[in-house]
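K.L.:
I would like to see how this sequence folds:
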Amino acid sequence: MTRNARLSIGPAVPGLVFGAIGVLAALCAALLLGASPFWLVATPALAALGAALPRTGGAWLASGALVLLLIIREPDAARAATAVFTVHLLHVLGTLSLAAGPLDRIALAALRPTTVRFAVVQSISQAALAVALLASGAAPTVSLAAMAGAAATLALAVLLRGMLARHRTDAFAMSESGPR
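P.N.:
Below is the predicted model of the structure:
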């Protein structure tokens, strides 16, 4: 590689996006889990702490808050599925925040293996949750909102898979002046 060559990584996002999605996910999950006003502020605040200072473990503290929100009420399939999804998402985003600085550019193609692993683990986890709820005798009621959320998640996964599947053969593009 010469001094006039530049690295072209294709479509990318800044590392700051991981923290922002984590804060938004924590807030939405707290709302869906029926959190009190204190927890509606505390949960996204913990996620924001993790976004600003990833080594503090704020994403995992927010996950713990969501688990507390889940266990203080009666069991419900939609609430449990929401918690399983969001705790896993916060774990993945927190881990990515540790690896990438807020101003680093992360190629979308580099996120493909993480996205595939997330989808595989979610499919196994949600199926295991459904089996556990059936085995416990709790009649898992599926609300219209839960079905809409599942459909939206599937649509997002298909959209992201299409975006992340693109390959670039010209990763090392030469500058206009050519090699020296």
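
K.L.:
mind showing which ranges of the protein have poor pLDDT?
P.N.:
In the prediction, the chain carries residues with pLDDT under 70 at positions 1-6, 138-180.

K.L.:
Where do the strands of it begin and end?
P.N.:
Using DSSP state E, the strands of the chain run over 6-7, 12-14, 105-107, 172-173.

K.L.:
In a markdown table: these, plus distance to A42 and mean neighbour count.
P.N.:
For the C-beta atoms, the positions are set from N, CA and C on the backbone; glycine is no exception. A markdown table is the format used below for these (distance: least, CB to CB, whole Å; neighbours: other CB atoms under 10 Å):
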| stretch | distance to A42 | mean neighbour count |
| --- | --- | --- |
| strand 6-7 | 41 | 10 |
| strand 12-14 | 27 | 15 |
| strand 105-107 | 29 | 16 |
| strand 172-173 | 47 | 11 |
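
K.L.:
Let me have those strands in a markdown table, extended by distance to H91.
P.N.:
Shown next, in a markdown table, are the strands of the chain (distance: least, CB to CB, whole Å):
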| stretch | distance to H91 |
| --- | --- |
| strand 6-7 | 30 |
| strand 12-14 | 19 |
| strand 105-107 | 17 |
| strand 172-173 | 34 |
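
K.L.:
Which one of those lies nearest to T82?
P.N.:
strand 12-14 (24.7 Å; CB to CB).

K.L.:
Direction included, what does the closest one pair against?
P.N.:
Sheet pairing here is set by DSSP bridges, and for strand 12-14 it gives strand 105-107 (antiparallel).

K.L.:
now what about the strand it pairs with, what contacts it?
P.N.:
The contact list for strand 105-107 (CB atoms under 8 Å, 6 or more residues apart in numbering) reads I9, G10, P11, A12, V13, P14, G15, L96, A100.

K.L.:
same check, this time on stretch 42-51
P.N.:
16, 18-20, 22-27, 29-30, 35, 56-62, 65-66, 69, 90, 94, 97.

K.L.:
Among the residues you listed, which lie within helices?
P.N.:
In helices, judged by DSSP state H, the following of these are found: 16, 18-20, 22-27, 29-30, 58-62, 65-66, 69, 90, 94, 97.

K.L.:
thinking again about what came up before, mind giving me the ChimeraX select for the contacts of stretch 42-51, buried ones only?
P.N.:
In ChimeraX syntax, the buried subset of the contacts of stretch 42-51 is picked out as below (16 or more other CB atoms under 10 Å):
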select :16,18,19,22,23,25,26,27,29,30,35,57,58,59,60,61,62,65,66,69,90,94,97
